[in-house]
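Trainee: no FASTA, just this:
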Ligand SMILES: NC(=O)C1=CN([C@@H]2O[C@H](COP(=O)(O)OP(=O)(O)OC[C@H]3O[C@@H](n4cnc5c(N)ncnc54)[C@H](OP(=O)(O)O)[C@@H]3O)[C@@H](O)[C@H]2O)[C@@H](O)CC1
Ligand SMILES: Nc1ncnc2c1ncn2[C@@H]1O[C@H](COP(=O)(O)OP(=O)(O)O)[C@@H](O)[C@H]1O
Ligand SMILES: [Mg+2]
């Protein structure tokens, strides 16, 4: 299995063309954050803004409106109960992140169904957190996962156990992980110490940066926003954009961990802009 090396950064992150505007750098929609977990959607949205997505909207519970606007004034808000507005947004973006802090109740299920029913073939759908757990638990949702879009699952080990049926103790079996990933017809980023990425073309990549300073709630939510921004704005291959995003997330954490005992998701978010500037090709 090949490891991801630092040269992926300059391959993917490029100087911005002079003749450009916000639309050049892609539109991202974050769908998540129930009234108890608004922070997850805010971290994902904030990461997408700071990693360079041109336009970011957060579809979340109305209770989160004030927090979203005060923490990320760059992002727009939509109430995920407002079906017409929500559906029109889903249709208008390049990348959708579905799941951070969404919760496991019937509202969450309905939100997931709405996204699945309205995603188109040129879009990328990142399925994370609660959305992975709900898809794993419901045959109806599993059947409704879009087959036309680029789908990426970002499970931690327990979420991967739920989705694939492979117990955590057996997830060191790369071949078995790959079989499960291929049967999902999607890319899988299996998050752990030394995360692994399983691509549809059969390639597998291992991440050798990142460490225990990252073990804080919200760290995976933050990764989804970075992924979305990299996929939405850069021109490199799909596989390279994903590797660059995953590398960036953990490499920033390693750099910060030289001086900090624990690295917070919001620390990573606030260092994205300078890290990308330093590592742009
Ligand atoms: N600020 C916010 O709004 C935040 C909102 N969040 C949102 O919460 C939602 C639920 O996500 P979740 O990951 O917190 O819970 P769940 O899916 O039940 O998994 C946890 C269970 O699995 C077990 N476990 C075993 N191995 C593991 C591993 N490698 N990595 C992780 N867990 C592992 C673990 O074992 P234990 O810790 O109990 O020993 C426990 O039994 C989701 O939508 C997410 O986005 C969070 O991001 C936090 C910040
Ligand atoms: N010990 C560790 N070594 C390397 N990376 C870690 C470690 N602990 C956590 N991480 C990283 O932090 C993120 C955790 O994701 P996740 O569990 O989904 O967080 P949350 O749902 O709380 O946002 C993953 O990217 C994972 O690889
Ligand atoms: Mg998570």
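Mentor: Noted; the coordinates are in hand. All values reported here derive from a predicted model rather than from experimental measurement. Ligands and ions are numbered 1, 2, ... in the order given.

Trainee: going by C-alpha atoms from here, please, whenever you check contacts or count neighbours.
Mentor: Fine.

Trainee: what about the closest residue to ligand 3 within the stretch 51-200 of the chain, neighbour count?
Mentor: Per C-alpha to the ion, residue 129 is where the stretch 51-200 of the chain lies closest to ligand 3, at 4.4 Å. Residues within reach of residue 129, counting by other C-alpha atoms under 10 Å, total 24.

Trainee: for it, give its distance to residue 100.
Mentor: Noted for residue 129: a distance of 5 Å to residue 100, by C-alpha to C-alpha, to the nearest Å.

Trainee: shared neighbours of the two, anything?
Mentor: Both residue 129 and residue 100 are contacted by residue 221, under the criterion C-alpha atoms under 8 Å, 6 or more residues apart in numbering.

Trainee: same question for stretch 232-247, mean pLDDT?
Mentor: Average pLDDT, stretch 232-247: 98.

Trainee: now swap in stretch 202-210 and tell me
Mentor: 98.

Trainee: contacts for that stretch?
Mentor: 1-4, 178, 193-198, 246-247, 250-251, 253-254.

Trainee: let's see it at 7 Å
Mentor: Outside stretch 202-210, the residues that touch it by C-alpha atoms under 7 Å, 6 or more residues apart in numbering are 1-4, 194-198, 247, 250-251, 253-254.

Trainee: among these, which are in strands?
Mentor: If you go by DSSP state E, the contacts of stretch 202-210 have 2, 3, 196, 197, 198 in strands.

Trainee: now, of those residues, which are buried?
Mentor: Among those, those buried by neighbour count (16 or more other C-alpha atoms under 10 Å) are 196, 197, 198.

Trainee: show the contacting residues for the second one.
Mentor: In other words, residue 197. Residues near residue 197 by C-alpha under 7 Å, 6+ apart: 188, 189, 190, 204, 205, 206.

Trainee: which other helices and strands contact the top helix by length along the chain?
Mentor: Using DSSP state H, we find that the single longest helix of the chain is helix 238-257. Contacts defined by 3 or more C-alpha pairs under 7 Å, 6 or more residues apart in numbering; DSSP states H and E place helix 238-257 against helix 7-12, helix 219-233.
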